[in-house]
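A.B. asks: Pasting the sequence and the predicted coordinates here, then a few questions.
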Amino acid sequence: MEIVQEDAREEERPLSFPIARDAQFRRSSSFGHNEERVTPGCDVRLEIDIEKEEYRDTTLPIFLKFEDVEYKVRRGPKNPLKAVMTKMESQSSRKQGSYKQILKGVTGSVCPREVLALMGPSGSGKTTLLKIIGGRLQDNVKGEVTYNDVSYNAAMKRRIGFVTQDDILFPQLTVEETLIFAAFLRLPRDMSRRQKYSRVETVLKELGLERCRQTKIGAPGVVNSISGGERKRTSIGYEILVDPSLLLLDEPTSGLDSTAANRLVWTLRGIAKSGRTVITTIHQPSSRMFHMFDKLLLIAEGSPVYYGKAKESLGYFSRLRFAPELAMNPAEFLLDLAAGQVTNISVPEELIVPKAAEDTYEREVIQYLQGKYVAHIEPTEKEENHRSSKTPSHLQMAVQVKKDWTMSWLQQFMILAKRTFQERYRDYLDILRIMQTLGVAVLLGLLWWKSKIETEAQLRDQIGLMFYICIFWTSTSFFGAVYVFPFEGIYLVKEKKADMYRLSAYYLSSTLCDMVAHISYPTVFMTILYFMADFRRTVPCFFFTLFAVVLVVITTQATGELIGAAVMNIKRAGMVASMVLMLVLLSGGYYVQHIPSFMQWLKYISFVYYGFRLLLKVQYSGDELYECQSEGGCRSLKSSPTFSTLDFNGDYREVWVLLAMAVGYRICGYACLRKRVSVSNL
Ligand SMILES: Nc1ncnc2c1ncn2[C@@H]1O[C@H](COP(=O)(O)OP(=O)(O)OP(=O)(O)O)[C@@H](O)[C@H]1O
C-alpha cells in the first residue's frame, strides 16, 4: 500500500488511519500518460494502476456522481378511511399535488480523497440525499446516482459505510465488544485475529474511546451508559473500522464539543486522504472545521444554492453581492443564506425592497439564490460531469464485483450467537423471571399438592392444572418471542443494509439462543411441579410430559417470532399477539369443548389444542389410570368431546403436528423477516 502525495497540504497531518491497502494513487500533472484518467468533477488527476481483481477485498476508489436527483413522498391522508380510499386509487389517477417534493434536482460529484459537506437548514433534505446516495432510498427517486459510472447495485452495500443520525448500537454491549463483533463480522477473512483486534485498538485510539471501552453502551440518556458524544464516536468507529470505500455520515459532530468535533472532522479528512470518498452532513461547523472540507453542497428547501469548493463559497456569494456585515463564521453565514435569513447580511439591490409581503421575504431570498445556482453553477457542473472521460473500465467492473463474505455461514452463525447471547443473557437470567418460574411452580404445586385422579372431580382438577401449564408457558414464551424482531429490527436493518452477514445466520442464532432460555425455564418448572402435584410417577412419563411442554413452548416461540417479524412494530406486535393468544387458548379444548363446525379450523392452527391433547395422552394413557374409580368411572368426562376423541393407545400424532407447526411457522417467520428487512428504509 502506498499513497504518494506531492501536495504539501497533505502533509499537515500524518495518517494514523488504515490506508487503502492496494490502491496506489499518484497525483500527476502530465497529460497523455497511458494509464492516466481525467476524472469527472475532480480537481485531482488520479493514476490507478492496479488490476480489478485486486479490489475484491480491498478499498476501491469510488467516483460518485449524482445528477438531477429528485425525491418526493406521498402525503398520507390523516383519516384512515381516506388512506384506504387513496390506496385503492389507480396509479393513473394519482395527482401531482398529493406528493411532497423533498429534493428538487440536486447535482454534484465527489472523488476519492475528497470530503463533501452537505449543509442546509433543518429539513432541507440533507439526510434524504445521503440516504439516496447510500442506496437506502430507491422508490420515488428520479435522477441518476452513479458509482464509477455504474448505478447502485448489491455489490455496493459492502463498499459503503453509513453512519446514521440516530446511533444504532446494541445497548447491552460495551464499546469494545461492539467494535470487536463488528470487526469479526466485517473484516476480510484473510486478516488474522490479531490484526482484527489491532484494528479495533486503532479505532478506539483514533476516536478517543479508550476511556469508555469497557462501558456498556446503554440506552440514550440513561445513567451508567456512555455519553452522547461517545455514542456518536462508537457509531463512526463501527463504520470506519472496515475501511469503506464510500463513507457517508449524517450529523457526525452532533453532541460533540468543538474540540472533539474538530478532531473528528480531522479524522474524516485523514480517511478521505487515504483514498476514500467521504460525504457528511453537518449543521454548525466551526470556521476551522469548515476549512477542512473540500467541497460544499448547500441546500435550501430541497434545492441546491451552492455546489463547489468549500473555500470558494464565500467568494461566490460575495460576487452575488451577499456579504456579512459583521465578522461571522462562514458556516453561519451560509446557513443563514440558505434559510433566507439576511439579518446583518448585505443583499443585492434586487432584494433590498421585498417584492411581496414581508413574511415571504425569506422565500424570495431562497428563490433568488436557487435561480442564481441554476444560472451559474448547475450548467458548469453538468457539463463537467458529461465532458470528462469515463471512469477507468476496471473500476467500473470492480464496483459490480461483490466482495466475498468475510466468513463462512457457520462462522457468522457462531459470532452472531455469541453476540446475541452476550446481548440477551441479562434477560435470560433476569431475577424476576427466575422468581416467577420458581414462585408459580411452587404455588401450583401447593394448590395441587399430591393431586389424585380417583374421582371425576379430582380428575377434572388435574386436567385444569394441565391446561393451566399450557396457558402459563404459552403466554410467557409468546410475549418473550413476539418482541424480539420488532426490538432488534432497527439493528438488523442497519446491518443487513451493510450486508454484514446472511439473514439466515442471524435468524437461526437468535432463535436458538432464545430457545435455550425457553427450554430451561419450563424444565425447572416442571421438575418442581411434577413431584409436588404427584403426576404419573414413571420415568418415561416424566420425560415425555417435559418434552410435551417444551414442544408447546418451542411452537409458541415460533408463532411469536412469526408475528413479530410480520408486524415489526412493538405496539402492533403486542396487540396482534394478545388477539392470537386469546384465540389459541379459547380453541385449546378446555374452555369450549363443543366448538361449532364452522369454527373447527381454529383448532388446527392452535398449538395449545395439540399441546393440551398431548399432555392428556401422556398422563392418562393406559387403562388403569384412565379408569378412574369413582361411581360411573368418570363417564361424563370421558364422553366429553376432548376426551372422547383422544386415542390413548400409543397414538402420539400431536408430536408431529407440533413439530411441523414449529418448523412451518419458523419458515414463515424467516420469510416475513426477509421481506420486512428488504423494504425497510433506515
Ligand atoms: N417519508 C417522509 N414523509 C414525509 N416527509 C418526509 C419524509 N421523509 C422526509 N420528509 C421530509 O423531508 C424534509 C427533509 O428531511 P431530511 O431528513 O432530509 O432533512 P435534513 O435536512 O436532514 O434535516 P435535519 O438537519 O433536521 O436532519 C423534512 O421536511 C422531512 O419532514
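C.D. replies: Right, received. Where do you want to start? All figures in this text were calculated on a predicted structure; none of them were measured in a lab. Residues are numbered from 1 along each chain as shown.

A.B. asks: can we go C-alpha only for contacts and neighbour counts from here?
C.D. replies: Will do.

A.B. asks: can you pull out the strands in the stretch 151-300 of the chain?
C.D. replies: Assignment of strands within the stretch 151-300 of the chain using DSSP state E, counting those that start in this stretch yields the ranges 160-163, 246-249, 277-281, 295-300.

A.B. asks: From the contact counts, what lies against the last one?
C.D. replies: This means strand 295-300. In terms of contacts (3 or more Cα pairs under 8 Å, 6 or more residues apart in numbering; DSSP states H and E), strand 295-300 is packed against strand 115-119, strand 303-309, helix 330-338.

A.B. asks: Can you lay out those as CSV showing mean neighbour count, mean pLDDT and distance to the ligand?
C.D. replies: Supplementary listing: the helices and strands packed on strand 295-300 in CSV, determined by neighbours: other Cα atoms under 10 Å; pLDDT from 0 to 100; distance: least, Cα to the nearest ligand atom, whole Å:
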stretch, mean neighbour count, mean pLDDT, distance to the ligand
strand 115-119, 27, 95, 8
strand 303-309, 24, 93, 11
helix 330-338, 22, 91, 11
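
A.B. asks: Which of those sits closest to V655?
C.D. replies: strand 115-119 (59.8 Å; Cα to Cα).

A.B. asks: one step back: quick one: closest of the helices and strands packed on strand 295-300 to F543.
C.D. replies: Checking those against F543 by Cα to Cα gives strand 115-119 as the closest, at 64.2 Å.

A.B. asks: who in the stretch 1-150 of the chain is up against the ligand?
C.D. replies: Neighbours of the ligand within the stretch 1-150 of the chain, by Cα under 6 Å from any ligand atom: V73, I102, S122, G123, S124, G125, K126, T127, T128.

A.B. asks: Buried ones only from those, please, as a PyMOL command.
C.D. replies: The command below creates a PyMOL selection of those among those that count as buried (16 or more other Cα atoms under 10 Å):
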select buried, resi 102+124+125+126+127+128
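
A.B. asks: Farthest-apart pair in the residues of the stretch 1-150 of the chain next to the ligand, please.
C.D. replies: Farthest apart among these by Cα to Cα are V73 and S122. That separation is 17.6 Å.

A.B. asks: picking that back up, please narrow the residues of the stretch 1-150 of the chain next to the ligand to those residing in strands.
C.D. replies: V73, I102 (DSSP state E).

A.B. asks: tell me the least confident of the residues of the stretch 1-150 of the chain next to the ligand?
C.D. replies: On pLDDT alone, V73 ranks lowest of those, at 87.

A.B. asks: Quick check: closest non-adjacent residue to the residue of the stretch 301-450 of the chain found nearest the ligand.
C.D. replies: Evaluated by Cα to the nearest ligand atom, the stretch 301-450 of the chain has G302 as its residue closest to the ligand, separated by 7.2 Å. Once its chain neighbours are removed from consideration, G302 has its nearest residue in L103; the separation is 4.2 Å (Cα to Cα, 6 or more residues apart in numbering).

A.B. asks: ok, which stretches of the stretch 501-650 of the chain are helices?
C.D. replies: Assigned helices in the stretch 501-650 of the chain, in chain order: 503-532, 539-567, 570-586, 601-605, 607-620, 623-626, 635-638, 641-644 (criterion: DSSP state H, counting those that start in this stretch).

A.B. asks: other SSEs contacting the third one?
C.D. replies: Other elements packing on helix 570-586 under the criterion 3+ Cα pairs under 8 Å, 6+ apart are helix 456-482, helix 484-497, helix 539-567, helix 601-605, helix 607-620.

A.B. asks: avg pLDDT for it?
C.D. replies: Here helix 570-586 scores 91 as its mean pLDDT.

A.B. asks: in that helix, what counts as buried?
C.D. replies: A573, G574, V576, A577, V580, L581, L583, V584, L585, L586.

A.B. asks: if I read this right, the second one contacts A481, doesn't it?
C.D. replies: Going back to what we said before, that points to G574. No: the pair G574 and A481 does not pass the contact test of Cα atoms under 8 Å, sitting 10.6 Å apart.

A.B. asks: Against G229, how distant is K496?
C.D. replies: Applying Cα to Cα, to the nearest Å, the value for K496 to G229 is 25 Å.
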